[in-house]
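Peer 1: sequence first, then the predicted structure:
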Amino acid sequence: MKFIVPGFILLTFIFGIVQATEPRSHTDIILAGALGDLSKKYLWQGLFQLYSKFSDSKNTIAFYGVSRDVYEVGAEKLNKILQERVTCKMKDDTKCERRRHEFIQKVRYFQLKADEHFRKFGTFLNSKSDKLNQSVVQGRIFYLALPPSTYTSMAEKLHNCCLLRSGKHWTRIALEKPFGSDTNSAKEMAEGIGTFFKEEEIYRVDHYLGKSVVKQILPFRLKNKDALEPILNSDHVDRVELVMKENFGVKGRFEYYNQYGVIRDVMQNHLTELLALVAMNLPSTLSTREIESQRMGILNHVQPLTSRHTLIGQYSKYISEAQEEGVNASSSAMTPTFGAAVMYVDNARWRNVPFLVISGKQLDEKSSYIRIVFKDKEFCVSSCTHLNGSHFHGPKQIIFHIGHGSLPSPGILVSKNLFKPKLPPGLSTIVVTSHDSSVYGLSMDDFNVAVPIENNDAYVTVIEDLYLGHQQSFVSTGRLMTLWEIWTPVLSGKHSPKMYMENADFSLNFQLNNGGIEFTDKYIAFVESPSEARDQMRSLPPRFLGHKLVVGSSDELYQQVAEEIYIKALSSVTDKKSFHIAFSGGTTPIPLYRALVTFFPNFPWTRTHIWQVDERCVLPTNSKSNFKVMETELLQKINIPYHNVHSMPVFLAGEICSDRGVKLYRDDLTFHLINNSFDLVVLGVGSDGHTASLFPRSSLLDDSNSLVTLTSDEASPRRLTLSYKMINKSKFVIAIVTGKSKHDIVEKLSEETKSKYDYPILGVNPTLGNMTFFIDNDAWFGE
């Protein structure tokens with residue numbers, strides 16, 4: 001028996017087969033700059049992982065690498081990149097290796113240089129597109145891994161040659177930062193690209209928004225909103241730290257870095273975007289529109305920055321490294337490689353909470369994190385033993401650990417004494433059993449720790465979000481302009497960056513002060529220096545003879561010493577109602593006396609006791625008398641009680657420098673000073689290395705018992721002087737070295753291995769206190 005199939009049934013069957021083989025969607029991805037570093041390191045691998053995850057018979061993807069190289073050269077380079085850079089995570093992964101081979105075969109190279117190249121490429125793309133069924137949704141992604149200066153012209157050429165014009169289609173153009181260098185240039189660039197592409201088609205890449213932990217910030221906040229949102233405000237948060245540190249330099253990027261520096265490179269974009277994710281009001285949903293609205297809302301309340309809110313630095317080898325790459329030193333001198341800023345959000349929720357934004361090259365480690373530190377508002381009345389144990393004793397904090405540092409993987413850490421977090425999809429809990437490891441000031445087991453289930457490279461996530469059209473992972477034009485408006489006011493400053501040593505320089509530590517920030521060790525280097533010494537200033541060491549070092553012009557130097565004394569005086573008077581300072585003799589302190597009188601009229605002289613470090617055995621009326629100089633330049637110009645001035649008794653009952661004078665001064669010292677300790681001693685250094693009246697080869701250098709003593713015949717006239725024992729018991733010692741005549745001794749002290757017998761200044765090493773050398777440019781450089 002024969003069965004005859006009706007014609008319409010047969011046609012329906014055949015049409016069904018055709019439909020089954022037609023894709024539902026097709027996407028062309030065009031990577032411009034296909035042979036560049038970014039493409040080599042990240043983009044081709046990310047595109048391969050996109051292909052592995054999303055490409056199938058229903059959703060096809062074609063890949064095109066384009067550059068200015070002629071076809072033969074470019075195609076060979078691209079194939080080499082794909083063979084070497086596109087890899088599978090696991091060895092012997094047969095399925096992945098098969099997909100890898102398929103991917104490499106699918107990638108095609110085109111030269112795009114002349115207008116004719118663009119026209120032919122567009123014709124090729126559209127001919128492929130025309131062969132697809134009208135029901136297929138077609139997309140075209142242009143990823144510009146190119147210098148930003150080419151964006152507008154490239155956008156115009158792609159718009160003219162290569163856009164989809166009919167059927168169901170969409171277009172996206174992805175751009176890499178920098179998106180301008182200030183508000184005006186960013187606006188100009190945005191307007192140029194906006195001429196050819198719609199806002200919803202423009203995807204500005206900030207790869208930090210693709211980091212695995214950063215992607216989890218809003219889901220984590222939403223999942224824990226009942227516990228977290230009530231405490232994310234100024235009533236409970238002490239500060240928020242947004243940090244990105246790197247332990248390497250700028251090798252190979254000096255021309256770019258000289259143009260942009262650390263603020264434009266990462267602070268204006270990456271770190272301020274992180275601030276928005278932490279500080280924004282929680283959206284009701286994670287839709288693009290909701291997230292963008294809340295993000296813009298918080299950024300519009302960030303106060304524009306001023307110079308008092310920012311600090312900059314440059315690592316010491318930056319200029320020499322730039323010169324090795326043929327970059328002019330003058331264009332490198334002002335480039336910041338370190339930046340710190342305190343930012344404030346002017347709304348009811350966050351008012352007066354400091355957001356500390358920090359980034360730098362050649363620091364102690366490579367790490368990035370957001371750290372929310374909460375106020376300690378709880379007072380324990382009973383059952384308080386846990387406060388002194390290994391658990392729950394440190395600050396309450398939440399850390400979004402983005403990467404590296406001492407932790408093995410990115411993660412979210414929540415203090416156990418804060419709350420137990422609920423985890424959104426994409427995070428899993430890990431159990432920490434180590435009591436010894438310490439992070440962020442606490443033992444690891446003081447935290448609840450969650451880690452991303454998948455920790456993909458940021459560019460894998462960026463490319464996936466680009467393909468899926470998740471625009472919340474990219475930077476809108478409105479947000480871009482707001483970010484620049486916050487930072488542009490501090491970009492035109494003329495301050496030179498503070499020099500710092502590579503890897504672990506304490507001099508970058510800073511502190512909050514009246515709403516601004518300042519370096520804690522703020523006198524390590526000055527921002528102004530003679531132009532001929534600028535390069536030398538950049539390579540100054542932070543220490544001299546094991547002590548802190550300050551180098552600068554003579555006038556600035558004395559003013560900074562005076563301010564240091566003023567700060568120490570205020571602190572001492574606050575703590576113990578008095579301040580004891582000893583001044584060395586000679587001409588060194590004269591400019592210091594004048595600076596104290598001129599710049600610090602509110603100095604607490606009524607609570608200050610002034611002592612002498614040394615005195616010549618001459619009458620007080622003698623022009624060589626140290627006390628006479630002090631009286632003329634300082635004492636007659638300040639309001640200090642007579643009994644607070646402790647001059648050395650070199651003239652008693654008609655005798656010059658008797659043993660009785662030594663005893664009287666010693667008794668005066670022991671009566672007034674707690675533990676025979678000055679709050680501050682100011683010393684000079686002679687061209688022979690002597691200090692106070694302790695001279696080379698003097699027998700006094702071995703005196704470990706006396707507090708004050710007389711010199712013998714090594715100095716004429718004889719002198720009364722404090723001993724090493726007395727000086728080294730001081731809480732703080734300042735040694736001032738000024739003038740070209742001191743350059744030789746500075747060099748000798750730096751280069752020679754000698755003892756205090758050769759250069760007595762080497763015997764000054766405060767037992768429990770600190771010491772700083774203030775050396776002027778003439779003494780340091782000898783020029």
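Peer 2: Happy to help now that I have it. Residues are numbered from 1 along each chain as shown.
Peer 1: which parts of the stretch 501-650 of the chain are helices?
Peer 2: Along the stretch 501-650 of the chain, counting by DSSP state H, counting those that start in this stretch, helices occupy 534-538, 554-576, 590-599, 626-633.
Peer 1: for S750, find the nearest of those.
Peer 2: Nearest to S750 among the helices of the stretch 501-650 of the chain is helix 534-538 (13.3 Å), distances taken as C-beta to C-beta. C-beta coordinates here come from the backbone N, C-alpha and C atoms, glycine included.
Peer 1: what pLDDT, on average, does that closest one get?
Peer 2: Mean pLDDT, helix 534-538: 46.
Peer 1: and what of stretch 561-572?
Peer 2: Rounded mean pLDDT across stretch 561-572 is 90.
Peer 1: can you check stretch 160-179 too?
Peer 2: 93.
Peer 1: how far does that stretch stretch from one end to the other?
Peer 2: 23 Å (C-alpha to C-alpha, to the nearest Å).
Peer 1: buried ones in it?
Peer 2: Using 16 or more other C-beta atoms under 10 Å as the burial criterion, the residues of stretch 160-179 that qualify are 161-164, 171-179.
Peer 1: equivalent analysis for stretch 70-82, please.
Peer 2: G74, A75, K77, L78, I81, L82.
Peer 1: find the nearest non-adjacent residue to G192, please.
Peer 2: Of all residues beyond its chain neighbours, the one nearest G192 is T152 (3.4 Å), with distances taken as C-beta to C-beta, 6 or more residues apart in numbering.
Peer 1: what is the burial count for the one you found?
Peer 2: 18 (other C-beta atoms under 10 Å).
Peer 1: pretty sure it sits against G194.
Peer 2: No: applying C-beta atoms under 8 Å as the test, T152 and G194 come out as separate, 9.6 Å apart.
Peer 1: what's the helix or strand hosting S368 packed up against?
Peer 2: Assigned by DSSP states H and E, S368 belongs to strand 367-374. Other helices and strands packing on strand 367-374, by 3 or more C-beta pairs under 8 Å, 6 or more residues apart in numbering; DSSP states H and E, are strand 237-245, helix 272-279, strand 397-404.
Peer 1: ok, 6 Å please
Peer 2: Here strand 367-374 touches strand 237-245, strand 397-404, going by 3 or more C-beta pairs under 6 Å, 6 or more residues apart in numbering; DSSP states H and E.
Peer 1: just say helix, strand or coil for the residue nearest to G192.
Peer 2: helix (DSSP: H, G, I helix; E, B strand; the rest coil).
Peer 1: pLDDT value on it, please?
Peer 2: So T152 comes in at 97 (pLDDT).
Peer 1: just to revisit the earlier point, can I get the buried residues of stretch 70-82 in a markdown table with pLDDT?
Peer 2: As requested, the buried residues of stretch 70-82 are exported to a markdown table (pLDDT from 0 to 100):
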| residue | pLDDT |
| --- | --- |
| G74 | 97 |
| A75 | 97 |
| K77 | 97 |
| L78 | 98 |
| I81 | 97 |
| L82 | 98 |
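Peer 1: reformat these as JSON lines; add secondary structure and distance to T482.
Peer 2: Formatted as JSON lines, the buried residues of stretch 70-82 follow (DSSP: H, G, I helix; E, B strand; the rest coil; distance: C-beta to C-beta, whole Å):
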{"residue": "G74", "secondary structure": "helix", "distance to T482": "39"}
{"residue": "A75", "secondary structure": "helix", "distance to T482": "43"}
{"residue": "K77", "secondary structure": "helix", "distance to T482": "40"}
{"residue": "L78", "secondary structure": "helix", "distance to T482": "38"}
{"residue": "I81", "secondary structure": "helix", "distance to T482": "37"}
{"residue": "L82", "secondary structure": "helix", "distance to T482": "39"}
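Peer 1: now the two most distant members of those residues.
Peer 2: The distance between the two most remote of the buried residues of stretch 70-82 (C-beta to C-beta) is 12.4 Å, for G74 and L82.
Peer 1: L356 against E241, yeah?
Peer 2: Yes: counting by C-beta atoms under 6 Å, E241 is a contact partner of L356 at 4.9 Å.
Peer 1: please identify which of those two sits among more neighbours.
Peer 2: Comparing L356 with E241 by other C-beta under 10 Å, the one with more neighbours is L356, at 20 against 17.
Peer 1: list the buried ones in the strand or helix carrying F671?
Peer 2: For F671, the enclosing helix or strand under DSSP H and E is helix 659-672. Residues of helix 659-672 classed as buried: G661, V662, Y665, R666, D668, L669 (neighbour count, 16+ other C-beta under 10 Å).
Peer 1: now stretch 686-703
Peer 2: G686, G689, H690, T691, A692, S693, L694, F695, P696, S698, L700, L701.
Peer 1: low-confidence ranges in this protein?
Peer 2: Scanning the chain for pLDDT under 70 picks out the ranges 1-22, 383-393, 433-438, 493-494, 504-505, 521-540, 653, 713-715, 783.
Peer 1: okay, now the domains of it?
Peer 2: The chain breaks down by automatic domain parsing into domains covering 25-176, 210-379+386-498, 568-781.
Peer 1: can I get those domains in CSV with distance to P541?
Peer 2: What follows is the domains of the chain, written out as CSV (distance: least, C-beta to C-beta, whole Å):
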stretch, distance to P541
domain 25-176, 34
domain 210-379+386-498, 8
domain 568-781, 9
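Peer 1: the strands in the stretch 401-550 of the chain, which residues?
Peer 2: 411-415, 427-430, 438-439, 442-443, 447-452, 474-475, 498-500, 510-513, 516-519, 543-544, 547-552 (DSSP state E, counting those that start in this stretch).
Peer 1: tilt between the first one and strand 367-374?
Peer 2: Taking axes from the mean of the first three to the mean of the last three C-alpha atoms, to 10 degrees, one finds that strand 411-415 is oriented at 20 degrees with respect to strand 367-374.
Peer 1: format the buried residues of helix 659-672 as TSV; extra columns: distance to P766.
Peer 2: Compiled in TSV, the buried residues of helix 659-672 are given as follows (distance: C-beta to C-beta, whole Å):
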residue	distance to P766
G661	26
V662	23
Y665	21
R666	20
D668	21
L669	17
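Peer 1: ok, of those residues, which one's closest to D28?
Peer 2: Closest approach between the buried residues of helix 659-672 and D28, by C-beta to C-beta: L669, at 86.2 Å.
Peer 1: burial of the closest residue to the closest one other than its chain neighbours, as a residue count?
Peer 2: Closest residue in space to L669, ignoring its immediate chain neighbours: L707 at 5.8 Å, by C-beta to C-beta, 6+ apart. L707 has 19 neighbouring residues, counting by other C-beta under 10 Å.
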